[in-house]
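Trainee: Have a look; sequence and predicted model below, questions after that.
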Amino acid sequence: MVAPVLKSFQAEVVALSKRSQDAEAAFLSVYKQLIEAPDPIPAFEVAHTLDDRLQGPSFDPSGQPQQDVHASWKRCSELLGPKEQSEGTCPSGPTPTNGSHLPGPENTLLTDNLLQKDEAKRQKGLQEVHITLAARLGEAEEKIKVL
């Protein structure tokens, strides 16, 4: 009476052992592929920069464009001396974001020049966004026609 139960139990153990070995082989295969995979960080950085380009300027509820914090600090570092850069503080002086001027014609020209460069960059960015949007609109219209 016990012999058939023992045989079925042994068959079950053999089947479970085989499944365990197959699962281990599959796990090791996936693990090997993960180790050999290239680093995804550069691809993420490229995707992030493309996403930033396509988003364009964001607006707050009052309708005014929000200032990019990274760009503000970058402009700030251009105006800082070595001492302020090492401290990591932005002076409350002549930055294009707050629009104030230091006394003297040289500093006023510097600030005006920075403002003009900033405006030119903004205009170029807007042109790129318009071109991209026009291309995407054309692609969408073609897809609609196909559908």
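Mentor: Now that the structure is in, tell me what you want to look at. Numbering: from 1, shown residues only.
Trainee: Now the lengthiest helix in the chain: average pLDDT?
Mentor: Determined from DSSP state H, the single longest helix within the chain is helix 105-146. Average pLDDT, helix 105-146: 83.
Trainee: Please renumber the chain so that the first residue is 25 from this point on.
Mentor: Fine by me, first position is 25 from now on; the one you just mentioned is helix 129-170.
Trainee: who does it touch, helix- and strand-wise?
Mentor: Contacts defined by 3 or more CB pairs under 8 Å, 6 or more residues apart in numbering; DSSP states H and E place helix 129-170 against helix 65-79, helix 93-103. C-beta coordinates here come from the backbone N, C-alpha and C atoms, glycine included.
Trainee: so it versus helix 65-79, what angle?
Mentor: In terms of direction (axes from the mean of the first three to the mean of the last three CA atoms, to 10 degrees), helix 129-170 departs from helix 65-79 by 90 degrees.
Trainee: what's Val29 sitting at in phi/psi?
Mentor: Main-chain torsions, Val29, degrees, to the nearest 10: phi -70, psi -40.
Trainee: Next one: it relative to Val37, how far apart?
Mentor: Distance of Val29 to Val37, given as CB to CB, to the nearest Å: 13 Å.
Trainee: And Asp142, by the same measure?
Mentor: Distance of Asp142 to Val37, computed by CB to CB: 74 Å.
Trainee: Kindly report the same for Gln79.
Mentor: As judged by CB to CB, Gln79 and Val37 stand 59 Å apart.
Trainee: can you check Ile168 too?
Mentor: For Ile168, the distance to Val37 (CB to CB) stands at 61 Å.
Trainee: Ala71 now?
Mentor: Plainly put, Ala71 is 50 Å away from Val37 if you go by CB to CB.
Trainee: Over to Ala158?
Mentor: Ala158 sits 67 Å away from Val37, going by CB to CB.
Trainee: Leu139 too?
Mentor: Separation of Leu139 from Val37 (CB to CB): 80 Å.
Trainee: Between the two, which has more neighbouring residues?
Mentor: Leu139 (15 against 10; other CB atoms under 10 Å).
Trainee: Check the helices and strands packed on helix 129-170 for me: which has the lowest mean pLDDT.
Mentor: Among these, helix 93-103 scores lowest, with a mean of 54.
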